[in-house]
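Got a predicted structure plus its sequence, pasted below:
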Amino acid sequence: MPVYSMTGYASAQHGASSGGEAADARSPSARRLGLEIRSVNSRFLDLSFRLPDELRAMEPVLRSLVTRKIKRGKVEVRAAIDSNDAGGLPELAPRLLQRLGTLQDGVQSWLPQAAALTVADVLRLCANNQTTHEDWSEAVPALAEKAVKALLAARKQEGERLATMLHERVGQLRTLTLQAVPLVPRLVEQQRQRFMERWKEAMGLAEGSATPEAAQDRALSEATAFAIRIDVAEEVTRLQSHLDEIERLLDQGGEIGKRLDFLIQELHREANTLGSKSAALDLTRISVDMKVLIEQMREQVQNIE
């Protein structure tokens, strides 16, 4: 399965074909329905709808369709109905204007203080009179299906880009891990030599109060304790295991965002532990570089479904 991002946008229109052709014959009043779907990252699926009153009854259908296709993200569905006539102005029928004038005269005869109708009032009343409520029960689901399909394509394209970036970061982390592995034995050997030299100096100052064998055993014990303290083999093993699992999930695809987020937290914990055990500048640098890469991965993973 592909990797999907939670970020995307899509739109679709019904009632007017692209290229300036005539309106859809099934829309007798030449009205156009437009639908937009946009999504951003979220911990769960968070749906919101902005629909005109004429389409309020279609919200359950839209909700069901979206939830079948999308599992995570903050998703907003927005619809609008527009008229295709020039300028969107209603026809001012003389009979209707005469009726409005008669009604206005009747109201003002009883209420002399009532304000006269403005041009905007007349246009609005004429538009309401001419509005026809179409049956969008077939058009809306088909249009929503088209928009959701386009949204999934956009989320898939963005998800592929995120997966590529994560694969690159995993490769860089593997390189840093391999650089850290040979540093520990080298540090242990250097520290053992320092302990031996220090105990030889102490033996010379003590004028034979301790045997050379005891001094050497003590130095080796200190070197062993140091080696245990700075050993990062366990952290390196866990880092490699987490990186393997991240790559496996990216190749598997599907709903992997939450699992990836957990693995990123584990990677950060191991990189912190490696840095806390650091006894050399090179190991500290590797730990810092790892945490920078892991933080970059965290930002990308938060956008994956």
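Looks like it came in fine.

how far is the top helix by length along the chain from where the chain is centred?
The longest helix of the chain (DSSP state H) is helix 139-180. Taking CA atoms, centre = their mean, to the nearest Å, one finds helix 139-180 lying 10 Å from the centre of the chain it belongs to.

Would you mind pulling up the elements that it packs against?
strand 8-14, strand 31-40, helix 59-69, helix 233-252, helix 257-276, helix 281-301 (3 or more CB pairs under 8 Å, 6 or more residues apart in numbering; DSSP states H and E). For glycine as for every other residue, the C-beta is placed from the backbone atoms N, C-alpha and C.

how does it look with 10 Å?
Using 3 or more CB pairs under 10 Å, 6 or more residues apart in numbering; DSSP states H and E, the elements in contact with helix 139-180 are strand 8-14, strand 31-40, helix 59-69, strand 73-83, helix 233-252, helix 257-276, helix 281-301.

where does the nearest residue to K74 once chain neighbours are set aside land in three-state SS?
Nearest residue to K74, sequence neighbours excluded (CB to CB, 6 or more residues apart in numbering): S42, at 4.0 Å. Assigned with DSSP: H, G, I helix; E, B strand; the rest coil, S42 falls in the coil class.

quick one, phi/psi of S42?
With angles defined as degrees, to the nearest 10, S42 sits at phi -160, psi 160.

Near the closest residue to K291 other than its chain neighbours, how many residues? Count them for me, please.
Nearest residue to K291, sequence neighbours excluded (CB to CB, 6+ apart): A271, at 5.0 Å. Other residues near A271 number 25, with proximity taken as other CB atoms under 10 Å.

ok, A271 touching T284?
No - A271 lies out of contact with T284 (CB atoms under 10 Å); the separation is 11.3 Å.

For Q296, give me its contacts.
M165, L166, E168, R169, Q172 (CB atoms under 10 Å, 6 or more residues apart in numbering).

cool, and M297?
162, 165-166, 168-170, 172-173, 246, 260-261, 263-264, 267-268.

Max pairwise distance over those: which two?
Q172 and D261 (19.5 Å; CB to CB).

for the chain, which spans come out with low pLDDT?
Along the chain, the parts satisfying pLDDT under 70 run over 15-30, 83-91, 127-133, 184-232, 277-280.
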